[in-house]
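Q: pasting the sequence and the predicted coordinates here, then a few questions.
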There are 2 protein chains.
Amino acid sequence: MRIEVVKGGLCAVKGVRAYGIKEGNKGLALIEGKGKAVGMFTSNKIKAAPVRFTKRQLEKGEGRISAIIANSGCANSFTGEKGMRNAERMAELVSSSLGVDKEEVAVASTGPIGKQLDMGLIEKQLGKVVKGITSEGEGGKAAARAIMTTDTFYKEQVVSIAQTPKPEPQPDEKVIIGGIAKGSGMIFPHLGLATATMLSFIYTDADLSTEALGRSLKDAVDNSFNMIVVDGDMSTNDMVLLVSTGRSGEISEEDFKEGLNSVCKELAKLIAKDGEGATKFVEVRVRGAASVGDAREVAKSIVRSPLVKSSIFGESPDLTWGRIIATIGSSSISEDIEPSRITISVKSEKGKAEKRGLVVKKGEFVDLSGEARNIMEGKEIIIDVDLGIGEEEVEATAWGCDLSYDYVKINAG
Amino acid sequence: MRIEVVKGGLCAVKGVRAYGIKEGNKGLALIEGKGKAVGMFTSNKIKAAPVRFTKRQLEKGEGRISAIIANSGCANSFTGEKGMRNAERMAELVSSSLGVDKEEVAVASTGPIGKQLDMGLIEKQLGKVVKGITSEGEGGKAAARAIMTTDTFYKEQVVSIAQTPKPEPQPDEKVIIGGIAKGSGMIFPHLGLATATMLSFIYTDADLSTEALGRSLKDAVDNSFNMIVVDGDMSTNDMVLLVSTGRSGEISEEDFKEGLNSVCKELAKLIAKDGEGATKFVEVRVRGAASVGDAREVAKSIVRSPLVKSSIFGESPDLTWGRIIATIGSSSISEDIEPSRITISVKSEKGKAEKRGLVVKKGEFVDLSGEARNIMEGKEIIIDVDLGIGEEEVEATAWGCDLSYDYVKINAG
């Protein structure tokens, strides 16, 4: 099989139309595309109205979605009965505008918590969006822009998958997976089965069973969105939806999984890169853990630590490594840590010239005056931690960013 | 019984002498006072050499301590075999200087991780400290100053306890509990049995069994040091030691516990107030939880949230309450949360005039234009959360501070 990044955006998926507008900090996006659908939603115990509404839609509608409506500028969270009625009203408006079944409309929201939606504005904006909806490339971008809040750029990623046995498939034998996402702060997703203020809507024209779609989404989310941390705050609105229009034919579940993983990882990395106030992108790979769960836990603890993040912002390697050590020790993993087995290196990837600096070698700090210090001055930093407990292959990767003055400024309100 | 704050510092405890010096960022404190001792140490899986050394001392020396030596400016953490030898060497130096048993010397360190101690400097500084050691009030303050790192003020608290049945005891019938502490960043203590970079050394002249001392310390630490969060980073060096010289006679365990609780709570609050870059002190009380454990978890989650902390810094109440809601929902507690039962109010205590503002009433945001907004502009903010699940009395209190530009600046290195 061959995975290729393609242009054309979300609407490169056959059967998908999209559009969105943003007026001030209030945006509205609409995506149309009928098919089997699965979702993952926030595991926050307090779930926003659109999360509860969409979960219920997926459960009763036999897992089918015809359209997704998503607004930015108001989370419709902690809004009681009225919030639920408004989420339902959003679905009704889409139903009558597009002539689709109300039961098959998914609703998502992002923005401040505790305020009611301005339904008059939503109705007005929906009118404009329905007029603009298109299967052209611009449609997906407009939708991706409409759901931005503190995001500084829109996030979209699309790949085509050519299946393994066919060396040179015709264009129509490929299947497409395309997605958009938003997210910048309050990013510590922990998406359970059916999970936002990280939102991601992914479409594919591959034809797969609902079960295969569900398994693929869980696998992809666990390795992507669930491995990014901006601040460790978990939203009441996180949501990822995957819809299959089935317009391109079948594909093996294995090939599809790989393609979906690549789309979700890229979208997740874009969210980490756009973390509120971020000046540096940080990738942490943890190897040699007792289990993949432990590796994930340690990797996420490191990208979550305010002290590690501050010293990366300050380009202070001496402080950074000691703090990484403290963070490794404080992570809630099942196995004991043996300091003398820990090896840590840092690298940066710029084109093909890979630079690498060793900072801890089997429990001892090594000279930090060389390459490691240079790498810390870069914009993209890859930290590689070998715990030396289990097999090297028992690994996980997490993504995050530094903690800058601007994070505080953006969130001081 | 009657608990009164007394002057005279740590050395008001009979049988205790202390002193300390600070030269640049390298400080050394020495406290002498023989007696039964119990300790609680960091539960970080990577423990600094002094933590491992002192734990072992307490275990083999039948829980007796004659002196405590503590240095600032180097954590002696992640320093391998050499680090352990240096910790031991610190105990030997104290043993020969003061003529106490080497097995009864406790060692503590605080500072950056990953560097070896400058033993020459420590030996020189110890000479000066031994010359200055005193039972005068200045001694405890000098020791408290010597262990400061990014702390902006020294922390010392001493109380006298007059036992219940004696209405007007003579001065020598009272017992004294006195302690010093340091801590400012990397504060998220989680002290297990025998737990820095939060250090606290507490002495009492009350005569109690080692078991009673141990129970009292655990109870006090769980309600104080373990309930403060500056950044959510857990140190490899946290340590609290309690030593009883027994020079004043007996006291009921219950009365002692209450006295120790008051000392530990005050020291813990001083650490939270001195949180790195803090401009506001925040107290969060959670009531109506299903269990005290759940109440503690929710209270700590709120004071830990970078988003909540940033919006408190920014005096943005609208953002603060929504973020508190999201944090409540994301805390790892056993019970479900019912949004419609949550009530949140905020107050400030300035003298006797208590101001109070209601912000969430049984799941609904109330008008925020009034008192709540004024209170958020103050320097001390008390947030009261009633989850409405269990009895009102099922409660816990956590302490922390806001997240300011200066936290980032201090930690950028």
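A: Noted; the coordinates are in hand.
Q: roughly how far apart are A:Ser97 and A:Ser235?
A: As judged by Cβ to Cβ, to the nearest Å, A:Ser97 and A:Ser235 stand 28 Å apart. Backbone N, C-alpha and C define where each C-beta goes, glycine included.
Q: who has more neighbours out of these two?
A: Legend: neighbour count by other Cβ atoms under 10 Å in any protein chain shown for A:Ser97 and A:Ser235, higher for A:Ser235 (33 against 19).
Q: how much space separates that one from chain B?
A: Distance check for A:Ser235 against chain B: by Cβ to the nearest Cβ, to the nearest Å, it reads 6 Å.
Q: looking at this, that residue is in a strand?
A: No: read with DSSP: H, G, I helix; E, B strand; the rest coil, A:Ser235 is coil and lies in no strand.
Q: got the phi/psi numbers for it?
A: Main-chain torsions, A:Ser235, degrees, to the nearest 10: phi -80, psi 160.
Q: can you tell me the SS state at the closest residue to it other than its chain neighbours?
A: Once flanking residues are discounted, A:Ser235 sits nearest to A:Thr197: 4.1 Å by Cβ to Cβ, 6 or more residues apart in numbering or on different chains. Here A:Thr197 is recorded as coil under three-state DSSP.
Q: my read: A:Ile251 touches A:Leu208, true?
A: Yes: the pair A:Ile251 / A:Leu208 is scored as a contact, 7.0 Å apart, by Cβ atoms under 8 Å.
Q: excluding chain neighbours, what is closest to A:Ser331?
A: A:Ser301 (3.8 Å).
Q: A:Val129: what's it in contact with?
A: A:19-21, A:28-30, A:146 (Cβ atoms under 8 Å, 6 or more residues apart in numbering or on different chains).
Q: and those residues, which of them are in helices?
A: Using DSSP state H, A:Ala146 are the members of the contacts of A:Val129 that sit in helices.
Q: A:Asp219: which element?
A: Assessed by DSSP states H and E, A:Asp219 sits inside helix A:210-222.
Q: before we move on, what about A:Val408?
A: Assigned by DSSP H and E, A:Val408 falls in helix A:405-412.
Q: now A:Gly413, nearest residue through space, not along the chain?
A: Spatial nearest neighbour of A:Gly413, excluding adjacent residues (Cβ to Cβ, 6+ apart): B:Ser316 at 2.8 Å.
Q: and that neighbour, how far from B:Asn25?
A: Separation of B:Ser316 from B:Asn25 (Cβ to Cβ): 35 Å.
Q: looking at these two, which is more packed in?
A: Taking neighbours as other Cβ under 10 Å, B:Ser316 and B:Asn25 compare with B:Ser316 leading, 17 against 13.
Q: if I pick that one, what's in contact with it?
A: By Cβ under 8 Å, 6+ apart, the contact list for B:Ser316 reads A:412-413, B:376.
Q: just give me the closest of the residues you listed to B:Ala91.
A: Taking Cβ to Cβ as the measure, B:Ala91 sits nearest to A:Ala412 out of the contacts of B:Ser316, at 47.0 Å.
Q: what residues are up against the closest residue in space to that closest one that isn't next to it in sequence?
A: Excluding the flanking residues, the one nearest A:Ala412 by Cβ to Cβ, 6+ apart is B:Gly314, at 2.5 Å. B:Gly314 makes contacts with A:411-413, as judged by Cβ under 8 Å, 6+ apart.
Q: so what's A:Phe313 closest to, chain neighbours aside?
A: Ranked by Cβ to Cβ, 6+ apart and with sequence neighbours excluded, the top spatial neighbour of A:Phe313 is A:Asp402, at 3.8 Å.
Q: quick one: that neighbour and A:Thr279 touch, right?
A: Yes: assessed by Cβ under 8 Å, A:Asp402 is found in contact with A:Thr279 at 5.7 Å.
Q: which one's more surrounded, those two?
A: A:Asp402 (24 against 16).
Q: quick one: contacts for that one?
A: When contacts are counted by Cβ under 8 Å, 6+ apart, A:Asp402 touches A:278-280, A:282, A:309-310, A:312-313.
Q: okay, those in TSV with pLDDT next?
A: Output for the contacts of A:Asp402, formatted as TSV (pLDDT from 0 to 100):
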residue	pLDDT
A:Ala278	84
A:Thr279	89
A:Lys280	91
A:Val282	93
A:Lys309	89
A:Ser310	87
A:Ile312	90
A:Phe313	90
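Q: what's the burial count for A:Gly99?
A: By other Cβ under 10 Å, neighbour count at A:Gly99 equals 8.
Q: may I have the helix or strand encompassing A:Pro50 as CSV, with CA atoms only?
A: Using DSSP H and E, A:Pro50 sits within helix A:49-60. Provided in CSV are the C-alpha atoms of helix A:49-60 (Å, rounded to 0.1, in the frame of the first residue of the first chain):
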residue,chain,number,x,y,z
ALA,A,49,-25.0,19.6,25.4
PRO,A,50,-23.8,19.0,21.8
VAL,A,51,-21.7,16.1,23.1
ARG,A,52,-24.6,14.5,24.8
PHE,A,53,-26.9,15.2,21.8
THR,A,54,-24.5,13.8,19.2
LYS,A,55,-23.7,10.7,21.3
ARG,A,56,-27.4,10.0,21.5
GLN,A,57,-27.8,10.6,17.7
LEU,A,58,-25.1,8.0,16.9
GLU,A,59,-26.7,5.5,19.2
LYS,A,60,-30.2,5.7,17.9
